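**Student:** A structural model of the following input is requested.
(chains A and B)
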Protein chains: 2
Amino acid sequence: MLRVTLFSAVLAAASATRLESLRLRGGQQKEKVCIIGSGNWGSAIAKIVGRNVLDRDQFEDEVTMWVFQENVDGKNLTDIINNEHENVKYLPGVKFTDNVVADPDLTNAVQGATLLIFVLPHQFLGRICPQMTGMAKGCRAVSLIKGIEFKDSKPILISDLLAAEMKKGPNAPDVDMSVLMGANVANEVAKGDFAEATVGCTDLAIGAKWVSVFNTPDFKVDPVMDVAGAELCGALKNVVALGAGFCDGLGFGGNTKAAIIRIGLKETAKFAKMFFSGVQDDTFMESCGLADLVTTCFGGRNRKCADIYAKMQKAGTPKAWDVIETEELNGQKLQGTGTAKDVMTCIKAAGKEKDFPLMCQIYRIAFEDAKCETIIQINN
Amino acid sequence: MLRVTLFSAVLAAASATRLESLRLRGGQQKEKVCIIGSGNWGSAIAKIVGRNVLDRDQFEDEVTMWVFQENVDGKNLTDIINNEHENVKYLPGVKFTDNVVADPDLTNAVQGATLLIFVLPHQFLGRICPQMTGMAKGCRAVSLIKGIEFKDSKPILISDLLAAEMKKGPNAPDVDMSVLMGANVANEVAKGDFAEATVGCTDLAIGAKWVSVFNTPDFKVDPVMDVAGAELCGALKNVVALGAGFCDGLGFGGNTKAAIIRIGLKETAKFAKMFFSGVQDDTFMESCGLADLVTTCFGGRNRKCADIYAKMQKAGTPKAWDVIETEELNGQKLQGTGTAKDVMTCIKAAGKEKDFPLMCQIYRIAFEDAKCETIIQINN
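**Tutor:** Coordinates of the predicted model:
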């Protein structure tokens, strides 16, 4: 308890420093970064962002990280992070720079922020966003959340959802939304292995700002003016990965799997263009497209579960998705199956089954008892 | 000997049938297909083409296949193929349809041909092509040869080389050249596993003709009007695969390898555009581009040898490329290293090193003692 009280005092002091530093310096207001979320990917990115803001003049030194409070071995996770500069629960063994300050109080964490980084499971958004108040005017945000929502048989971008949810708060500002997507296995990024990423933005000046937040020699970030294209790549890759997993489970060779990946990327682009304006072909050749899809279709939990699904079906002992999920994912969730269902609903409602033979066939295999062997019935 | 004499009679009879069948039927001359080459890939494609011409009215039934004569267990390979309808040396266990007729005599094999399929190691071309006479007027050809030549620090397409070499023969016709490229591991195609391929052509009507020669439900062929783009994908993928192999050998993860593949495809497109006109971005999203590159960077001999090269270098016991080739490839050749050298010569001569950071770095690692770890120094 003493520790908590002491820590609150530290936080209050930090908060005062923060307000002071928002003053104009050399005629220019410095950017104040807040990370909302602290899981595996959030912690990996906090390591990068924490170091970057120290190296670059345009940022306040302190980066706040809103952490969903948990008790870890009798201590608050935020206290552990602030004392040990490490998220011992979600990214053990990786140290943050000292300027990354965990805060369990959302309102406090976002206070005065000019740059918000959203990196948390998207089921939290509805509860979190309307509570957010006190960001600086002209605040911008970037979503690192890979997923998609659907309403009335149409896809809704998580980034649009974020903007809409933030508007529900008191005195809510309009927040410009970008996304950061790419072939970014969190533990590898945290380790410092070379990776690329793509910022999808509405404006190249804002894209350049996010590049300066995230880019390092080992984490190479390129901007594209295409939020929807980049974000849909991150969501639909999990559906394609089911197809790749079916191939693997049946023992199909490299030709077939490469075809599934290629057609999957083409259908992702077609889907994005059908529902959103401004989607660009080039986006799918960026890290968010081709590279993330390749990574997901060779590694990744969706591929793995689909591999098992196909093997069990072939052996005559089929297993349901929820059983495979429980047995294999250690509490993590399988995203591809839910997205496959929703994507299918959109395609059906638009009467465009003929344009999406792969997505449709993956759906039929996953939910309509089609044989996994039919994955190659893709006469697009 | 008796067998050979008898077989010559059979061939002569077949030849007469062939000439007769070139007459107009129903007002339209049928296409006569000749396959030049009979290795692993040539034999896999002969299985497909032999069946397709029987199914489609626009073709003569007989497909000739020029076979470099070899003695197999005391018999001529051509005799074995014509008796057993199987290339026991290069694609054992896979049967052709009976209408695929092996012929050791090149002039005889190409007689009256309207469609030539080149599928042989490209070191044979200079010797073979000028001998070719007697093809039908307006004869067209397709190259299945993956490789590239270089002269005066510039790349030369094998398809252009083929056309030029054929012009050296007596009464030599102008032959329109297409290419067939894609993620096509020969044994998997022969087995009937689903695969895609791309025809690069100068004209969509000619492309459609080649589609009808090659396309099956399990071998899906799409045309693009871009010979150079498609052909360069097939050649430069082997250089990129060296980069992927270095990553694997060092134990780099999925993010890094996906980045190498992505940047490799972008640089392949840039290289193609720099030296050839009419190259289209879309080509690189076809099977010849993205899909073949993925297959090669996960399987394939160039990846494998580069993996070993990196492991040995890292262990402090480096091995030369020719040693690895001899030890690992069972007589096959490593294409990526030679192509990497030639590509580097072109890039240097054009003064464009800055535009090709990955290709340059692969060259430095392969030939200038740079450490494999520097593969990620790709500030493009």
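
**Student:** Where does pLDDT dip in chain A?
**Tutor:** Residues of chain A that meet the criterion pLDDT under 70 lie in A:1-28, A:379-380.

**Student:** Kindly report the residues of it close to chain B.
**Tutor:** Contact residues (CB under 8 Å from any CB of the partner chain) of chain A with chain B: A:183-185, A:188-189, A:191, A:193-196, A:218, A:220, A:252-259, A:261-263, A:265-266, A:281-282, A:284-287, A:290-292, A:294-295, A:298-299, A:376, A:379. Using the backbone N, CA and C atoms, a C-beta is placed for each residue, glycine as well.

**Student:** repeat that for 6 Å
**Tutor:** Remark: the part of chain A in contact with chain B comprises A:183, A:185, A:188, A:193-196, A:252-256, A:258-259, A:262, A:290-291, A:294-295, A:299, A:376, using CB under 6 Å from any CB of the partner chain.

**Student:** So which of the residues you listed sit within helices?
**Tutor:** A:E188, A:G254, A:N255, A:T256, A:A258, A:A259, A:R262, A:V294, A:T295 (DSSP state H).

**Student:** these two touch, right, the fourth one and B:K191?
**Tutor:** No: using CB atoms under 6 Å as the test, A:T256 is too far from B:K191 to be in contact (10.5 Å).

**Student:** which one of those two has more residues nearby?
**Tutor:** For A:T256 and B:K191, the more surrounded residue by other CB atoms under 10 Å in any protein chain shown is A:T256, and the numbers stand at 28 against 15.

**Student:** which residues touch A:F271?
**Tutor:** Taking CB atoms under 6 Å, 6 or more residues apart in numbering or on different chains, we find A:F271 in contact with no residue.

**Student:** go again using 8 Å as the cut-off
**Tutor:** Applying CB atoms under 8 Å, 6 or more residues apart in numbering or on different chains, we find A:F271 in contact with A:P155, A:L232, A:L236, A:V343, A:C346, A:I347, A:F356, A:M359.

**Student:** got it, and A:D307?
**Tutor:** Neighbours of A:D307 in contact, by CB under 8 Å, 6+ apart: A:G245, A:F246, A:D248, A:G249.

**Student:** Most neighbours among the residues you listed, which one?
**Tutor:** A:F246 (31 neighbours).

**Student:** Contacts only, for that one.
**Tutor:** A:A306, A:D307, A:Y309, A:A310, A:I362, A:I365, A:C372, A:I375.

**Student:** hmm, which two among these are most spread apart?
**Tutor:** A:D307 and A:I362 (13.6 Å; CB to CB).

**Student:** can I get the CA coordinates of stretch A:251-267 in PDB?
**Tutor:** Extracted in PDB, the C-alpha atoms of stretch A:251-267 (Å, rounded to 0.1, in the frame of the first residue of the first chain):
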ATOM      1  CA  GLY A 251       0.200 -32.000 -47.600                       C
ATOM      2  CA  PHE A 252      -0.200 -29.900 -50.800                       C
ATOM      3  CA  GLY A 253       3.100 -28.500 -52.100                       C
ATOM      4  CA  GLY A 254       4.600 -25.100 -52.600                       C
ATOM      5  CA  ASN A 255       2.900 -24.400 -55.900                       C
ATOM      6  CA  THR A 256      -0.600 -24.700 -54.400                       C
ATOM      7  CA  LYS A 257       0.200 -22.700 -51.200                       C
ATOM      8  CA  ALA A 258       1.800 -19.900 -53.300                       C
ATOM      9  CA  ALA A 259      -1.400 -19.800 -55.400                       C
ATOM     10  CA  ILE A 260      -3.600 -19.500 -52.300                       C
ATOM     11  CA  ILE A 261      -1.400 -16.700 -51.000                       C
ATOM     12  CA  ARG A 262      -1.400 -14.900 -54.300                       C
ATOM     13  CA  ILE A 263      -5.100 -15.200 -54.900                       C
ATOM     14  CA  GLY A 264      -5.800 -14.300 -51.300                       C
ATOM     15  CA  LEU A 265      -3.900 -11.000 -51.700                       C
ATOM     16  CA  LYS A 266      -5.700 -10.200 -55.000                       C
ATOM     17  CA  GLU A 267      -9.100 -10.900 -53.300                       C
END
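
**Student:** what about the strands in chain A?
**Tutor:** A:33-36, A:63-66, A:71-72, A:75-76, A:100-103, A:115-118, A:140-143, A:149-151, A:154-156, A:176-181, A:195-200, A:219-224 (DSSP state E).

**Student:** The first one pairs with which strands, parallel or anti?
**Tutor:** Strand partners for strand A:33-36, identified by DSSP bridges, are recorded as strand A:63-66 (parallel), strand A:115-118 (parallel).
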